[in-house]
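Student: I need the structure of the sequence given here:
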Amino acid sequence: MLSKAEIENLLSEIPDPEIPIISIKELGILRDVKLNNDEVEVVITPTYSGCPAMRLIEDQIKEALGEQGIEKFKVTSVLTPAWTTDWITDEAKKKLEDYGIAPPEKFSPDKSLLDPFGPKDLRCPHCKSKDVKMVSQFGSTACKAHYKCNDCLEPFDYFKCI
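Tutor: Residues are numbered from 1 along each chain as shown. Okay, here's the model as predicted:
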């Protein structure tokens, strides 16, 4: 049997299906690994309830554990506490920006998620300009909004704060 740390390291290699440059650990989906006698429990939290990628993530976890000969395991999805963009690691935020996705700001309850002008400190991940305009509140996935930079004219997604 692998140790908890070894299993966490193994699962940390699983990429997010929608943003494959970051792992489920970096995104904050992988919440915990528990060893209960001879059974492994993997605890995950979806980025939002109904996230279509969760089934694939569960399958990837099962495959990774099975490849290591771990036969007794369960994957538990928990909704409380609700996932927040604050769980995204700083390294993952840098990877998002390098990939062309503007990373989320730190979430605070006093910021309106529905602000029609978007976040105040948003900058283009391509040229770093702050002269950007929201094109649509929904980008390539429900957790992103679509923007355009007015300086370099490049489109980009912004990972919304939750």
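Student: how close does the residue minimising distance to the centre of the chain get to residue 18?
Tutor: Closest residue to the average C-alpha location of the chain: residue 27 at 3.3 Å, with Cα atoms, centre = their mean. Distance of residue 27 to residue 18, given as Cβ to Cβ, to the nearest Å: 9 Å. The C-beta positions use only the backbone N, C-alpha and C, and glycine is treated the same way.
Student: just to revisit the earlier point, for the nearest residue to the residue nearest to the centre of the chain once chain neighbours are set aside, what are its contacts?
Tutor: Excluding the flanking residues, the one nearest residue 27 by Cβ to Cβ, 6 or more residues apart in numbering is residue 16, at 5.2 Å. If you count contacts by Cβ atoms under 8 Å, 6 or more residues apart in numbering, residue 16 has them with 22, 23, 24, 27, 29, 53, 57.
Student: Among the residues you listed, name the ones in helices.
Tutor: Of these, the ones assigned to helices by DSSP state H are 24, 27, 57.
Student: check contacts around the second one.
Tutor: The neighbourhood of residue 27, defined by Cβ under 8 Å, 6+ apart, consists of 16, 19, 47, 87, 88, 92.
Student: any chance of these in a markdown table, with secondary structure, pLDDT and distance to residue 144 too?
Tutor: What follows is these, written out as a markdown table (DSSP: H, G, I helix; E, B strand; the rest coil; pLDDT from 0 to 100; distance: Cβ to Cβ, whole Å):
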| residue | secondary structure | pLDDT | distance to residue 144 |
| --- | --- | --- | --- |
| 16 | coil | 94 | 12 |
| 19 | coil | 91 | 9 |
| 47 | coil | 89 | 11 |
| 87 | helix | 93 | 16 |
| 88 | coil | 94 | 13 |
| 92 | helix | 96 | 14 |
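Student: Would you mark the buried spots in stretch 80-99?
Tutor: 83, 85, 87, 88, 92, 93, 95, 96, 97 (16 or more other Cβ atoms under 10 Å).
Student: What of stretch 51-65?
Tutor: Quick answer for stretch 51-65 (16+ other Cβ under 10 Å): 51, 53, 54, 57, 60, 61, 64, 65.
Student: ok, residues contacting stretch 51-66?
Tutor: 7, 10-11, 13-14, 16-18, 24, 29, 40, 42, 44, 46, 73, 75, 77.
Student: Buried only: go through those residues for me.
Tutor: 7, 10-11, 14, 16-18, 24, 29, 40, 42, 44, 46, 73, 75, 77.
Student: of all the residues you listed, which two lie farthest apart?
Tutor: 18 and 40 (25.3 Å; Cβ to Cβ).
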